[in-house]
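Peer 1: turn this into a model:
(one chain, ligands or ions: 1)
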Amino acid sequence: MALRLVVLASGTGSLMRALLAARDGSFDVAALITDVPDAGAIAIAEDAGLEVRVVRRDDFADRVEWDEALAGAIGEFHPDLVVSAGFMRILGAAVLADFPDRIINTHPALLPAFPGAHAVRDALAAGVAETGCTVHVVDAGVDTGPVIRQERVPVQPGDDEATLHERIKSVERRLLVDVVRAIAAHGLTVHDRKVTIA
Ligand code: GAR
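Peer 2: Presented below is the predicted three-dimensional model:
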């Protein structure tokens with residue numbers, strides 16, 4: 001049976017688009033959940049016939065209530081795997097408890113370097129010669145969960161945040177698809193922070 005995904009995204013949705021294009025029978029995407037009502041990802045999801053749920057932080061009194069609503073929205077679709085693909089908020093206790101070791105995130109840096117919301121800008125500011133991308137299992141920290149796979153991307157002279165981010169994303173899209181296909185084929189287990197896809 002196909003691995004059933006729910007995607008979380010706040011932005012343009014190019015990573016989700018790559019996942020949708022790569023659907024091969026081993027995995028499928030049931031829904032997009034977003035926190036941003038005008039996220040570009042919404043149109044991509046609707047064009048692909050996905051269900052879409054918008055769970056805005058501002059519609060809830062506090063982060064805990066928002067997180068519980070998010071957990072409910074994800075749970076509605078009974079995913080085998082939750083894929084955070086450009087979701088720009090930290091997931092809280094309710095979501096983590098409902099999908100233990102079943103949430104992966106893609107991040108535009110070689111974690112543990114440059115966690116957080118400005119990874120590409122921070123890498124440029126640090127003057128590193130290379131950065132990259134990481135797909136990891138989500139835990140309660142900010143981009144601290146066990147690493148599944150990483151790939152290096154060079155920083156080139158004259159790069160700005162946009163050019164470097166696009167170079168990273170061109171690698172990130174393939175890496176994310178590879179990881180999802182591997183999980184669909186072999187499953188995902190996490191033990192003592194060590195990830196096994198086998
Ligand atoms: C990706 O680079 C992803 O790693 C990043 O947002 C971009 C989404 O691209 N996520 C984070 O920075 C999370 N901390 P997209 O909107 O084109 O799919």
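
Peer 1: all the helices of the protein, residue numbers only.
Peer 2: In the chain, the segments counted as helices under DSSP state H are 14-21, 40-47, 63-75, 93-98, 119-126, 161-186.

Peer 1: residues in this protein within reach of the ligand, list them.
Peer 2: With CB under 6 Å from any ligand atom as the criterion, the chain meets the ligand at residues 11-15, 85-86, 88, 106-108, 117, 119, 169, 172. Every C-beta, even on glycine, is put in place using the N, C-alpha and C of the backbone.

Peer 1: just the closest of those residues to residue 146, please.
Peer 2: residue 107 (12.7 Å; CB to CB).

Peer 1: if I pick that closest one, what's in contact with it?
Peer 2: Residues counted as contacts of residue 107 (CB atoms under 8 Å, 6 or more residues apart in numbering) are 115, 119, 133-136, 143.

Peer 1: got it, and residue 163?
Peer 2: Here residue 163 is in contact with residue 156 (CB under 8 Å, 6+ apart).

Peer 1: show the pLDDT at it.
Peer 2: Among the per-residue scores, residue 163 holds a pLDDT of 98.

Peer 1: distance of the residue in the chain that the ligand sits nearest to relative to residue 18?
Peer 2: Using CB to the nearest ligand atom, the single residue of the chain nearest to the ligand is residue 86, 2.7 Å away. Going from residue 86 to residue 18 by CB to CB, to the nearest Å gives 11 Å.

Peer 1: okay, these two: which has more neighbours?
Peer 2: residue 86 (24 against 19; other CB atoms under 10 Å).

Peer 1: ok, that one - contacts?
Peer 2: 9-16, 41, 106.

Peer 1: PyMOL command for the buried members of the residues you listed?
Peer 2: This is how PyMOL selects the buried members of the contacts of residue 86, with burial counted by 16 or more other CB atoms under 10 Å:
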select buried, resi 9+10+11+13+14+15+16+41+106
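
Peer 1: distance to residue 35 and pLDDT added to the contacts of residue 86, as JSON lines?
Peer 2: What follows is those, written out as JSON lines (distance: CB to CB, whole Å; pLDDT from 0 to 100):
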{"residue": "9", "distance to residue 35": "9", "pLDDT": "98"}
{"residue": "10", "distance to residue 35": "6", "pLDDT": "98"}
{"residue": "11", "distance to residue 35": "10", "pLDDT": "96"}
{"residue": "12", "distance to residue 35": "14", "pLDDT": "97"}
{"residue": "13", "distance to residue 35": "13", "pLDDT": "97"}
{"residue": "14", "distance to residue 35": "17", "pLDDT": "98"}
{"residue": "15", "distance to residue 35": "16", "pLDDT": "98"}
{"residue": "16", "distance to residue 35": "14", "pLDDT": "98"}
{"residue": "41", "distance to residue 35": "11", "pLDDT": "98"}
{"residue": "106", "distance to residue 35": "17", "pLDDT": "98"}
